[in-house]
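*Asks:* give the three-dimensional model of this entry:
(chains A and B)
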Amino acid sequence: MQLCDLPAHELAKLLRNRKVSAEEICRSVLQRIDEVEKKTKAFITVDGEKALEQARRVDKKLKNGANLPPLAGMPVAIKDNICTKGLRTTCASKILANFVPPYNATVVEKLAAAEAVIIGKTNMDEFAMGSSTENSGFFPTRNPWDYSRVPGGSSGGSAAAVAAGESIYALGSDTGGSIRQPAAFCGVVGMKPTYGAVSRYGLVAFASSLDQIGPLTKDVTDCALVLNVIAGHDPRDSTSVPGERPDYTQFLKEDIRGLRIGIPREYLAEGLDSGVREVLEKACAVLKEAGAEVAETSLPHSAYALPTYYLIAPAEASSNLARYDGVRYGYRAEDVKDVLDMFKKTRSRGFGAEVKRRIMLGTYALSAGYYDAYYLKALQVRTLIKRDFDTAFTKFDVLLSPTSPTPAFLLGEKIDDPLKMYLSDIFTLAINLAGLPAVSVPGGFVDGLPVGVQFIGKPFAEGTLLHVAYAFEKRTEYTSRRPGLGR
Amino acid sequence: MYEAIIGLEVHVELKTRSKIFCASTTEFGGEPNTHVCPVCLGLPGVLPVVNKEVVDYAIRVALALNCDIARFCKFDRKNYYYPDLPKNYQISQYDLPLAKNGYLEIETANGSKRVGITRIHMEEDAGKLVHQGNITTTPYSLVDYNRTGVPLLEIVSEPDLRSPEEARAYLEKLRTIIQYTGVSDCKMEEGSLRCDANVSVRPVGSDALGTKTEIKNMNSFRALYRALAYEIDRQIAVLAEGGRVVQETRAWDEDRGVTVSMRSKEEAHDYRYFPDPDLVPLVIDEAWIERVRATLPELPDARRKRYIEDFGLSRYDATVLTSSKELGDYFEACIAAYPHPKTVANWVMGELARLLNAHNMDITASPVTPDQLASLLRLIDDGTISGKIAKTVFEDMFATRKDPATIVREKGLVQITDVDALSAVVDEVINANPKSVQDYKAGKEKALGFLVGQVMKATRGKANPALVNKLLKERLD
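*Replies:* Predicted structure coming up:
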């Protein structure tokens, strides 16, 4: 175990007790990047010099006796669709390959205020569209537990970086499972907060009504600490929910006696890997053992979540991604006849296949004559899906499901079959449609590969999720395992 | 016999301090791309936040136009690609606009007429393309995003207008009302007031609507009038020859005085409207509306009524004086200092309007203040100067901004009311014009006027005309 393999809350303790310096932590992370980045390819941009500079600044402040925030000096990796002022932000797309934002996302400002050390920007599926990080416009990322496998996606770079010790924690974004599924594949904790809990200002939009930024961490305690930093109302985001956020660490308690946990039976249906099913069954046993009441429940409209998602998300994306036209920033095709030709060539060459597929799907769904049958219908079904959850939450405090139907799959295994790839998010999509918080925590292993279980909560019940996840973690300790990294 | 059916779509730029979804300034002009920020430039990751002042302004206009204000409205995205549109969608309002079902009254040859207002909605303006030379031959174009995100109101009328005259009267009245509310300058030449028209014609007596065309690029009231007159004639000619009007968008060519086809119905955009997920619906409660209502000034119709009823002005005079808020304010400032509304109205609409027009000036730039005009009128009343001299003095006031008393003193224009001094002149004139004297005595009343004129001429207009009249009659009758 190196420093970079420890969770942030342990490192913070060492830092506060002057056992280590922020610079040493940063160097440990940078050294790990040197060792394994060739294999994981978790990052698009690493800024080691800048990171060390930030770490030394923290050390100086500590030396001067400053009282610093809990995560001060902790290295963080940021998904490359979150704007960082002066630091290239590409969304893993050729169309933004050289885009350097002139402003910071709200979460990045919050990280700066928390004295975080930004290590770099992580790889992802282009514009967060994908479930394996193979849709990156630059290169795929590999799973630190097995380099022949995908890390999941779209926040695959963030998940792989945290799992491999290339960062202490990371931020990702989740539109249909993009934090939770890679967290599950890479054996880390990943949370999608309630829609509106964390500001989206500066998150490059994929599907505005579904996107949410969240933490990827080595354990549940870190998840609470990071959420403390990034959650909060932001006047720059109209969809951000007003009001104070609690101190999430207060929920980290082991006693879950009487907690009512529902298992949606629709999530145990066909396509579920038998190993994953066993992991879930064991998780149920652990929770029952701890005194929770576990029972089956139903989300009757679950089957419609995937088609609903693949109308709403592409529709919004088709509009959100219209701005990449070569006029103001990013890639521009030069050999053009006129402005229309420039738009067409810029977008044809700048976007990858999956992004273009979704732009076409979304454009179609919003077209005159089809809007009512597709987009409007999808919005109506979305309401039904929300109601399913509302009903379930009258009887249960949290719901439990597998995060993804299978463990990490092989690179190339699903890349030519979009529908197969989309099914990888079958258990996570509905949560975004309903705007609910959910957390994926390591729930066990199948053939040496990590498997995640997902806790789903009521709106703004992140505290309840952290509570049950922490209790589960304390009884299983899967979060303390680290990949061998082929060394 | 055909009649025209016309509806107007008017865009008004609101002069809020900042743009509709960000804090950038709305100031007109400025170096290209200096009144911008990441939000109005549509950089990746930015989000819009509604400027509440825009909603206040929009409610103000909606109230002034007698609209029903929606308690719940939302913003939608209008998707189309154009380089002056940074996001390649415009944030607008589609199926749930801010206000509906309003009206305004216009004056027509047949009396006043109510014109319906279908809807009013809020949206963001686009930027401007700057072509290097001619649009068809330019090797490249530059884009100025200063105007991007400036708040706009789109005001759509019912197809209630029946002639180019009515259309112009509607647009003028709309401009007047909006100027009264203080939310826009409504300058067509600066683009803060823009107008498109939907036009069709049908045989008189028919209830069915003909195929309409949409006319764009009318940049003045005159252009609106001419374009509509042309288009109505064109459509009638097409029908008269047994042809069919094609549904299309046409552009007014000011230089050639014709409308030309821009794009057909088939080429029309599919804007793929959908609710903007970055914005939450706008809930407007009664308290908000009442708060805005309290900020509304007296509107032109009410003011005109007051001028007619309280000041005894004619409908025409009252209409002219209330046609702009500033003109009405000027008029009222005058009568506050000189409480004779009819006299003031004559001067404001006569001498002052004439000189302002001649100098192409607006009432707000008038070199003569209301107090100065009132002083001048008092000088006439107290006999210091004649009404004729007063016009000369007024021209001097307009040119020099001096007080009337100063000008009268400096130029020695005080009226001659001294009987002795005038008697001498009157006698001289009688002696010098025996023919006229004879004519008058023979019963030609007009000859007296000539003799008065001669006395005025001899005194360079300073003689009191009433006194001259009296003295002449004393001697001749």
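*Asks:* make it CA atoms for all contacts and neighbour counts henceforth
*Replies:* Fine.
*Asks:* near residue 343, how many other residues are there?
*Replies:* Unless you meant another one, I'm taking chain A. 22 (other Cα atoms under 10 Å in any protein chain shown).
*Asks:* other chain: chain B
*Replies:* Counted with other Cα under 10 Å, residue B:343 comes out at 12.
*Asks:* help me confirm that it is found in a helix?
*Replies:* Yes. Counting by DSSP: H, G, I helix; E, B strand; the rest coil, residue B:343 is part of a helix.
*Asks:* and it, how far from residue B:376?
*Replies:* 12 Å (Cα to Cα, to the nearest Å).
*Asks:* next up, the contacts around the closest residue to chain B within the stretch 1-150 of chain A.
*Replies:* Closest to chain B within the stretch 1-150 of chain A is residue A:83: 7.0 Å, counting by Cα to the nearest Cα. Counting by Cα atoms under 8 Å, 6 or more residues apart in numbering or on different chains, residue A:83 touches A:89, A:101, A:103, A:104, A:105, A:108, A:202, A:203, A:204, B:45.
*Asks:* domain-wise, how is chain B divided?
*Replies:* Chain B resolves into domains spanning B:2-291, B:300-411, B:419-476 when parsed by automatic domain parsing.
*Asks:* what is the mean pLDDT for the first one?
*Replies:* So that's domain B:2-291. Domain B:2-291 comes out with an average pLDDT of 94.
*Asks:* likewise for stretch A:332-343?
*Replies:* So the average pLDDT for stretch A:332-343 ends up being 94.
*Asks:* and stretch A:430-443, by the same measure?
*Replies:* pLDDT averaged over stretch A:430-443 gives 98.
*Asks:* ok, stretch A:459-467 next?
*Replies:* 98.
*Asks:* pull the residues that contact the one helix or strand residue A:312 maps to.
*Replies:* Per DSSP states H and E: residue A:312 is located in helix A:305-320. Contacts of helix A:305-320 with the rest of the structure, by Cα under 8 Å, 6+ apart, involve A:176, A:205-208, A:210, A:358-363, A:365-366, A:374-375, A:378-379, A:381-382, A:385, A:422-423, A:426, A:429-430, A:433, B:79, B:87-89, B:277.
*Asks:* mind checking which of those land in helices?
*Replies:* Counted as lying in helices by DSSP state H, out of the contacts of helix A:305-320, are A:358-363, A:365-366, A:378-379, A:381-382, A:385, A:422-423, A:429-430, A:433.
*Asks:* who's sitting farthest from the centroid in chain A?
*Replies:* residue A:337 (41.2 Å; Cα atoms, centre = their mean).
*Asks:* got a list of what the nearest residue to residue B:208 once chain neighbours are set aside touches?
*Replies:* Of all residues not flanking residue B:208 in the chain, residue B:202 sits nearest, at 7.5 Å (Cα to Cα, 6 or more residues apart in numbering or on different chains). Residue B:202 makes contact with B:2, B:3, B:4, B:5, B:208, B:209, B:210, according to Cα under 8 Å, 6+ apart.
*Asks:* where's the second one, which helix or strand?
*Replies:* This points to residue B:3. Here residue B:3, judged by DSSP H and E, is contained in strand B:2-13.
*Asks:* with just CA atoms, put that strand into CSV.
*Replies:* In CSV, the C-alpha atoms belonging to strand B:2-13 read as follows (Å, rounded to 0.1, in the frame of the first residue of the first chain):
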residue,chain,number,x,y,z
TYR,B,2,-60.8,42.4,-52.6
GLU,B,3,-59.9,43.2,-49.1
ALA,B,4,-56.6,42.6,-47.3
ILE,B,5,-56.2,40.7,-44.1
ILE,B,6,-53.1,41.7,-42.2
GLY,B,7,-51.5,40.6,-39.0
LEU,B,8,-48.2,42.0,-37.6
GLU,B,9,-45.5,40.2,-35.6
VAL,B,10,-43.5,42.9,-33.8
HIS,B,11,-40.2,42.4,-31.9
VAL,B,12,-39.3,44.9,-29.3
GLU,B,13,-35.9,45.1,-27.5
